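[1] The following comprises the amino acid sequence and a computationally predicted model.
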Amino acid sequence: MINFTPKFRREIEKGLIEHETVSDYMTRDLISFTPEQNITEVIETIIAHKISGAPVVNSNQELVGIISEKDCLRVLLDDVYHNLPPSERNVSNYMSKKVVTVDDTMDVVEVANLFLNSNFRRYPVVRSGKLVGLVSRRDILRASKTIKKTSW
């Protein structure tokens, strides 16, 4: 169990306890897609880069969705079922539009708690609504090596 009590939160806010933020551990070099991109191109990229999905951003780098392997499987099954040639549809037709994000200033202990209470393996990280990174469970595990043990 994580020791993230209201008292602990107040101590962090007052600067009495050092804390690490998501921005200290997130991945910044991301593969991302646009809503207008062809879904077949996305599938090829996901396979080539061995990733399970990626954020979808608009021209202002604002997060508008997530496209996952599961979403891509849906495309393939639709095409096979309807005996269609490879899909010419866009990412926007298949991406998940309701995305849970974390702010880049959130404490890693708080994000660890989010991971413990959800099935998500990663969260998009935003600053002022714009995508700035991705944080995974593994990133939080890496952070645990440097955080004061009283924080956990």
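    Arrived safely.
[2] Helices of the protein, start to end?
    For the chain, applying DSSP state H gives helices covering 6-14, 39-49, 69-81, 108-116, 137-144.
[3] For the last one, which outside residues touch it?
    The set of residues that contact helix 137-144 without belonging to it, under Cβ atoms under 8 Å, 6 or more residues apart in numbering, is 20, 24, 25, 26, 27, 108, 111, 112, 115, 121, 122, 152. In this view, the C-beta of every residue, glycine as well, is placed from N, C-alpha and C.
[4] Tell me the most packed of those, by neighbour count.
    residue 108 (27 neighbours; other Cβ atoms under 10 Å).
[5] burial count for the closest residue to that one other than its chain neighbours?
    Sequence neighbours aside, residue 143 is the residue nearest to residue 108 in space, at 4.4 Å (criterion: Cβ to Cβ, 6 or more residues apart in numbering). Residue 143 is flanked by 21 other residues according to other Cβ under 10 Å.
[6] From residue 72, how far off is residue 143?
    Using Cβ to Cβ, to the nearest Å, residue 143 is found at 31 Å from residue 72.
[7] Residue 105 reaches residue 23, doesn't it?
    Yes. Taking contacts as Cβ atoms under 8 Å, residue 105 lies within contact range of residue 23: 7.0 Å.
[8] if you count what's nearby, which of those two comes out ahead?
    Of the pair residue 105 and residue 23, residue 23 is the one with more neighbours under other Cβ under 10 Å, namely 17 against 10.
[9] got the contact list for residue 91?
    33, 34, 35, 36, 37, 38, 39, 42, 56, 65, 67.
[10] again, but for residue 73
    Contacts of residue 73 (Cβ under 8 Å, 6+ apart): none.
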